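Enquirer: Coordinates for the following, if possible.
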Amino acid sequence: MPSRATGTFEVNPQPLPLADRDAGPLMGRLTINKTFSGGLQATSKGEMLSAGTAVKGSAGYVAMERVTGTLHGKSGSFVLQHSGTMNRGVPQLSVSVVPDSGTGELTGLTGTLGIQIADGKHSYVMDYEIASPPA
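Expert: Below is the predicted model of the structure:
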């Protein structure tokens, strides 16, 4: 049966140089360090690549972040993979736990993380399961 963790997070993005310095102003690269509160008590470190377009409201990003802390009291770490697209103002976002990335008490973790941003505040809903280790 899936479990659900909810809460808020703070994010501290910092720009990084692009490998392709000629990519122009529409491309971006950032660190994404976060602090999670709620059912997930953790910090994360990751990197994001983004691309804008000349069409207002269209863009995309991918990111990987390693999360370390506790999830409903179970300690360990795991990796989240992000893929986001904005198609003329219509968002589509997928954030999922990388298979077999869980460590410690989070070994066997699978799941997805939904992100909401309202009035500049970030919140999350994480639906997850932790599989029992094989016998």
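Enquirer: From now on I want contacts and neighbour counts done on CA atoms only, so please keep to that.
Expert: Fine.
Enquirer: which stretch of helix or strand covers the residue lying closest to residue 104 once chain neighbours are set aside?
Expert: Counting by Cα to Cα, 6 or more residues apart in numbering, residue 104 lies nearest to residue 76, which is 4.6 Å off, once chain neighbours are set aside. Take DSSP states H and E as the rule and residue 76 turns out to sit in strand 74-87.
Enquirer: This structure: strands as residue ranges?
Expert: Remark: strands of the chain, listed N- to C-terminal, are 3-15, 27-38, 40-52, 59-71, 74-87, 90-97, 109-118, 121-130; assignment by DSSP state E.
Enquirer: Which one of those lies nearest to residue 103?
Expert: Comparing these against residue 103 with Cα to Cα, the closest turns out to be strand 74-87 (5.1 Å).
Enquirer: quick one: low-confidence ranges for the chain?
Expert: Where the chain drops to pLDDT under 70, the residues are 133-135.
Enquirer: how about a cut-off of 80?
Expert: Low-confidence regions of the chain, defined here as pLDDT under 80, cover residues 1, 24-25, 133-135.
Enquirer: Report the beta-bridge partners for the closest residue to residue 41 other than its chain neighbours.
Expert: Residue nearest to residue 41 in three dimensions, not counting chain neighbours: residue 70, with 5.2 Å by Cα to Cα, 6+ apart. As for beta bridges, residue 70 partners with residue 41, residue 75 under DSSP bridges.
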